[in-house]
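Colleague: What would the 3D arrangement of this be:
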Amino acid sequence: MKKWIEAMRLRTLPVSLAGVICGTGCALLQGSFNAVVALLCVLFAGLAQIASNFGNEYYDYKNGIDKKGREGFRRGVTEGDISPLAMKRATYTTLMVAATIGCTMLFFGPWWLIFVGATIALFALGYSAGPYPLSHHGLGDVAVIIFFGIVPVTFTCYLQTGTFDHCTLLTSLAVGLLAANVLVVNNYRDMEDDKAVNKKTTVVIFGRKVMGWCYLLSGVVAMAAMLPVWRILHWWSVAVILTYIVLHLKNWLCLKHSSGAALNPLLGKTAVTLLLFSLMFLIAAIAK
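Modeller: Numbers count the residues shown, from 1 in each chain. This is a model prediction of the structure:
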């Protein structure tokens with residue numbers, strides 16, 4: 001069981017939860033809240049990310065991307081802890097459960113949402129699988145911004161309000177940028193291993209120095225994008241921005257002075273910092 005829990009990459013799950021939390025906060029700002037929808041979105045987002053993590057292990061092993069002894073978290077399939085067939089079955093079973101939960105959301109929204117769910121499912125697999133895996137061609141960061149930021153925030157809000165607005169869009173962009181930083185840490189750690197197997201992540205393409213600065217700027221730009229949203233909240237909500245910036249700077253300094261497996265705790269800290277930001281935003285929205 002421990003091997004499967006490790007394969008779920010629980011340290012990164014706050015990334016999928018943050019989008020739903022912020023989407024719910026945006027719904028509250030519009031005077032709407034549906035606890036059932038929020039719970040369904042949490043379950044769907046979490047299971048979709050776990051399916052993507054399972055798929056990443058299976059398809060990277062199948063494509064010869066993962067090698068034994070790589071930096072980072074232990075890879076169950078590569079190290080022989082989990083059979084490739086078991087991981088493949090787990091990937092598609094988890095995705096099927098996520099899809100089933102996603103279909104229940106049709107009771108709360110229009111029929112065309114099924115295409116949104118199908119796109120999310122394709123991304124969960126296409127991140128590492130298919131003829132053009134996104135994570136192998138420098139598109140992983142863009143995909144994360146879209147599917148861990150823009151999509152979960154805007155559609156969690158839409159399912160509870162029936163509308164899209166500019167504040168929700170700005171919030172979704174901010175969450176996407178902060179979520180992409182988790183991937184930056186992951187790829188920052190794995191640069192040599194990825195380069196050796198021709199996996200072209202943005203860190204491999206642009207180098208650690210550039211992506212280190214991108215990590216810092218993503219947090220700053222995200223907070224700047226949120227300024228129009230904070231204006232409609234209480235004046236004390238500026239403390240949310242300041243708190244995030246302080247933690248973000250601390251994480252950035254750690255990124256600059258760490259390497260290899262020493263970056264694993266930072267990956268979790270970056271995800272938890274995003275989750276903390278989303279919870280503070282939700283509290284501010286409730287208090288409005």
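
Colleague: In the strand or helix carrying Gly117, which residues are buried?
Modeller: Element membership for Gly117 (DSSP states H and E) is helix 113-126. Judged by neighbour count using 16 or more other Cβ atoms under 10 Å, the buried positions of helix 113-126 are 113, 116-117, 120-121, 123-126. C-beta here means a position set from N, CA and C on the backbone, and glycine is covered the same way.

Colleague: Let me have these in CSV, extended by distance to His136 and pLDDT.
Modeller: Output for the buried residues of helix 113-126, formatted as CSV (distance: Cβ to Cβ, whole Å; pLDDT from 0 to 100):
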residue, distance to His136, pLDDT
Leu113, 30, 94
Val116, 25, 94
Gly117, 25, 92
Ile120, 20, 93
Ala121, 19, 91
Phe123, 14, 90
Ala124, 16, 87
Leu125, 13, 88
Gly126, 11, 88
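
Colleague: Could you list every helix and strand that the longest helix seen in the chain packs against?
Modeller: If you go by DSSP state H, the chain has its longest helix at helix 35-62. Applying 3 or more Cβ pairs under 8 Å, 6 or more residues apart in numbering; DSSP states H and E, one finds that helix 35-62 contacts helix 2-8, helix 14-29, helix 84-104, helix 113-126, helix 151-161.

Colleague: Show me what the last one is packed up against.
Modeller: For helix 151-161, the helices and strands in contact under the criterion 3+ Cβ pairs under 8 Å, 6+ apart are helix 14-29, helix 35-62, helix 113-126, helix 166-189.

Colleague: Ala284: which of these is closest?
Modeller: With respect to Ala284, and counting by Cβ to Cβ, the nearest of the helices and strands packed on helix 151-161 is helix 14-29 at 7.5 Å.

Colleague: any idea how far the closest one is from the chain center?
Modeller: The chain centroid and the centroid of helix 14-29 are separated by 12 Å, computed with Cα atoms, centre = their mean, to the nearest Å.

Colleague: quick one on the thing from earlier: what's the least confident stretch among the helices and strands packed on helix 35-62?
Modeller: Across the helices and strands packed on helix 35-62, helix 2-8 has the smallest mean pLDDT, namely a mean of 83.

Colleague: Going by neighbour count, list what's buried in it.
Modeller: In helix 2-8, counting by 16+ other Cβ under 10 Å, buried: 6-8.

Colleague: quick one: which of the residues you listed is nearest to Gly55?
Modeller: Ala7 (10.6 Å).

Colleague: returning to what we had before: looking at the helices and strands packed on helix 35-62, which is closest to Leu247?
Modeller: Of the helices and strands packed on helix 35-62, nearest to Leu247 by Cβ to Cβ is helix 14-29, at 13.4 Å.

Colleague: Mind exporting the C-alpha coordinates of the closest one to CSV?
Modeller: Output of helix 14-29 as CSV, limited to C-alpha atoms (Å, rounded to 0.1, in the frame of the first residue of the first chain):
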residue,chain,number,x,y,z
PRO,A,14,-2.8,20.4,-3.0
VAL,A,15,-2.3,21.7,-6.6
SER,A,16,-5.6,20.2,-7.8
LEU,A,17,-7.4,21.1,-4.6
ALA,A,18,-6.3,24.8,-4.8
GLY,A,19,-8.1,25.3,-8.1
VAL,A,20,-11.4,24.0,-6.7
ILE,A,21,-11.0,26.0,-3.5
CYS,A,22,-10.4,29.3,-5.4
GLY,A,23,-13.2,28.5,-7.8
THR,A,24,-15.5,28.2,-4.8
GLY,A,25,-14.2,31.4,-3.4
CYS,A,26,-15.0,33.2,-6.7
ALA,A,27,-18.6,31.7,-6.5
LEU,A,28,-19.0,33.1,-3.0
LEU,A,29,-17.9,36.6,-4.2
